[in-house]
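J.: mind folding the following:
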Amino acid sequence: PTDSLLVCYYPEQQRGDHAVPDGEGGFVVAWRDTRADLGAGDIYAQRVDKYGNLLWDVNGVPVIIAEDYQDNIKMCVLEDTTFIVTCIDERAGFNKFQIFAQRLDKSGNMLWDSSGICITNYPYGRNGFQKLIPSNDTTFIIVWNDFNSGKDNLYAQKVDKNGKKLWDSSGVAIANLPYPQGEYGDFSICSDGAGGVVVAWTDKRDYWHPSIYVQRVDSSGHCVWQDNGIHQEGSIQNSSIVLIDSMQYMLLWSTLIAVKSQKISKNGEFLFGKNGKLVSNPNKGVWGDRHPRAIRSTDSNIIIIWKRYYGYGINDIYTQKIDYNGKKLWSDSSVAVCTAYSSKYTIRICSDKHGGIYVGWIDERDMPNGHVTDAYLQRIYADGHAGGVTSISLPDFKLPLSPILYQNYPNPFNRQTVIRFHLPETMPVSLAIYNLQGQKVKTLLSQKYLRGGEHHVSWSGENDHGVALSSGVYYIVLHTKTHQLTKKMVYLR
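T.: Numbering: from 1, shown residues only. Predicted coordinates for the structure are as follows:
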């Protein structure tokens, strides 16, 4: 279609999205959704195949359902085609954030508890900036900022397919120092190639001269390089790190003026000398090249993008391809992705599977014409030439005109399940559970007036007297003034 694909048309807010490839040519996207509570927000997700078809429920499936605030979503896909979704959560109390996680199968079913599993032990401070990568076929590693010490320190944890923590229950401290590390999410991670993780971060142990440090955590949760990390000389901030081959790593960072690279061995040795190699070399009049992001291309090279700043909020996007020895493969002065006179942000990059990249971003170039922001997309081919910028528009949509009862999640279930339904307008609603004999065993709602929109109700398998029911097949029945809708579910004690 010429217009963009509408993933969720629910009238409340959807924001803070994050997407990952699904391994079959499509993608899974998760977002914060306020359909049940405008002051809080749950996490929902949708899977889209390579043809643009929505594979899960209309308006998405629930991922983490809790009464309080959830936000700052991150995702990764495991080799068994299950999807990990993490977010910060305020259920422990106001401004007491923890990180919760959920695992979805390829059909969108929740594989863990509907409220998620807790990754971090202490509900204090931000705990808000997290990044995660797949480790093995059914495990993942998450790294986050933790404010318990009064400073933004970095911790790492490895989690298996059942949600069990495999490293120290409080996480592995990347650097055990009373100074900010990776403050406000200024850190990057990549696999170490052997079931562990490599972390690069902006460090303020010399507060007025921040610089980049790097640490490797092995598959058992031990920091194996120099205590508190190895230091990159002459660095400033905005790191990006990529696994290249044979447990070697490419580090990118900004000196505030230019972007540089460094190759690191599995033992923590710097292979490009103490100062690294130049990736960008901006002309005079430029404020600086900053915020590099890098990926490994399918032709076994590294592609880096960054923002070039000119002042007054104006920036351009540039890119360069380097080989594993740091040699520039495109124009020595780098390749322009977009030079429109505007502010550009929320930049994303992915491989085009042919040695090039796709770059997407939010752009303010049309603000004088009444548009707040637009999304743009550019392709850079393997030889470094640009394919032309594409603007992305939003289609019109219509809301469902009839009530909808969705399948409960999870199903089958043995602890708690979530029942969701959509109402086209405000109306009285009854929701009940029936057994195979047609007997009502649990009343969840009785002629309760609910506003139009989407709603969810949890049920833990008990009857109206609070007694747990026996395992078996049960029916969810939704009554409205115009419809009676039914879904079958299985309860396993």
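J.: and for G355, the neighbour number?
T.: Counted with other Cβ atoms under 10 Å, residues neighbouring G355 total 18. Just so you know, the C-beta spots here come from the backbone N, C-alpha and C atoms, and that holds for glycine as well.
J.: my read: it touches R296, true?
T.: No - under the criterion of Cβ atoms under 8 Å, G355 lies out of contact with R296, with a separation of 11.0 Å.
J.: isn't R290 right next to Y310, touching?
T.: No - look at R290 against Y310 with Cβ under 8 Å: they stay out of range, at 11.8 Å.
J.: list the buried residues of stretch 160-171.
T.: Buried residues in stretch 160-171, counted by 16 or more other Cβ atoms under 10 Å: 161, 163, 165, 167, 171.
J.: how about the residues you listed, which pair is most distant?
T.: Across the buried residues of stretch 160-171, the longest distance by Cβ to Cβ is 19.0 Å; it joins K161 and G171.
J.: just to revisit the earlier point, could I get the buried residues of stretch 160-171 as JSON lines with distance to P134 and secondary structure?
T.: Formatted as JSON lines, the entries for these read as follows, by distance: Cβ to Cβ, whole Å; DSSP: H, G, I helix; E, B strand; the rest coil:
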{"residue": "K161", "distance to P134": "11", "secondary structure": "coil"}
{"residue": "G163", "distance to P134": "15", "secondary structure": "coil"}
{"residue": "K165", "distance to P134": "16", "secondary structure": "strand"}
{"residue": "W167", "distance to P134": "16", "secondary structure": "coil"}
{"residue": "G171", "distance to P134": "18", "secondary structure": "coil"}
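J.: quick check, central residue of this protein?
T.: Against the mean C-alpha coordinate of the chain, by Cα atoms, centre = their mean, the closest residue is K74 at 2.0 Å.
J.: what sits against it?
T.: Contact partners of K74, counting by Cβ atoms under 8 Å, 6 or more residues apart in numbering, are 18, 85-87, 130-132, 142.
J.: okay if I get those residues as CSV plus pLDDT?
T.: Putting the contacts of K74 into CSV (pLDDT from 0 to 100) gives the following:
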residue, pLDDT
H18, 89
V85, 96
T86, 95
C87, 92
Q130, 91
K131, 94
L132, 95
I142, 97
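J.: which of these fall within strands?
T.: Cross-referencing the contacts of K74 against strands under DSSP state E gives 18, 85-87, 130-132, 142.
J.: list just the nearest of those to L329.
T.: Out of the ones in strands among the contacts of K74, the one with the shortest distance to L329 is K131. That distance is 27.5 Å, counting by Cβ to Cβ.
J.: so which of R290 and Y310 has more stuff around it?
T.: Comparing R290 with Y310 by neighbour count (other Cβ under 10 Å), the higher total belongs to R290, at 21 against 14.
J.: which element is that one on?
T.: Taking DSSP states H and E as the definition, R290 sits inside strand 288-296.
J.: what residues does that strand touch?
T.: With Cβ under 8 Å, 6+ apart as the criterion, strand 288-296 contacts 237-244, 250, 252-259, 279-280, 282, 302-309, 318, 347, 349-351, 357.
J.: partner strands of that strand, parallel or antiparallel?
T.: The strands beside strand 288-296 in its sheet (DSSP bridges) come out as strand 302-311 (antiparallel).
J.: next SSE after the partner strand?
T.: Assignment by DSSP H and E places the next element after strand 302-311 at strand 314-322.
J.: related to what we said a few turns ago, let me see the mean pLDDT of the strand holding R290.
T.: When the per-residue pLDDT values of strand 288-296 are averaged, the result is 94.
J.: ok, stretch 100-109 next?
T.: Mean pLDDT, computed over stretch 100-109, is 95.
J.: give me the buried positions along it.
T.: Those buried within stretch 100-109 under the rule 16+ other Cβ under 10 Å are 100-104, 106, 108-109.
J.: next, Y184: secondary structure please.
T.: The three-state label given to Y184 by DSSP: H, G, I helix; E, B strand; the rest coil is helix.
J.: that one reaches W201, doesn't it?
T.: No - checked against Cβ under 8 Å, the pair Y184 and W201 is beyond contact range at 11.1 Å.
J.: between those two, who's got more neighbours?
T.: The residue with the greater number of neighbours, taking Y184 and W201 and applying other Cβ under 10 Å, is W201; the counts read 31 against 12.
J.: show me what contacts the more buried one?
T.: Remark: with contacts taken as Cβ under 8 Å, 6+ apart, W201 is in contact with 154, 174-175, 181-182, 186-188, 212-214, 229, 239.
J.: kindly report the same for R420.
T.: 57, 62, 405-406, 408-409, 454-456.
J.: quick one on the thing from earlier: make JSON lines out of the contacts of K74 and add neighbour count.
T.: Output for the contacts of K74, formatted as JSON lines (neighbours: other Cβ atoms under 10 Å):
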{"residue": "H18", "neighbour count": "20"}
{"residue": "V85", "neighbour count": "25"}
{"residue": "T86", "neighbour count": "29"}
{"residue": "C87", "neighbour count": "30"}
{"residue": "Q130", "neighbour count": "24"}
{"residue": "K131", "neighbour count": "21"}
{"residue": "L132", "neighbour count": "24"}
{"residue": "I142", "neighbour count": "25"}
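J.: using CSV, lay out those together with distance to L401.
T.: Compiled in CSV, the contacts of K74 are given as follows (distance: Cβ to Cβ, whole Å):
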residue, distance to L401
H18, 31
V85, 31
T86, 36
C87, 32
Q130, 40
K131, 42
L132, 40
I142, 42
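J.: nearest to T417 among those residues?
T.: Within these, distances to T417 taken as Cβ to Cβ reach their minimum at V85, with 18.3 Å.
J.: what bridges to that closest one?
T.: For V85, the residues forming beta bridges with it (DSSP bridges) are M75, Q102.
J.: tell me how far it lies from D42.
T.: From V85 across to D42, the span is 12 Å (Cβ to Cβ, to the nearest Å).
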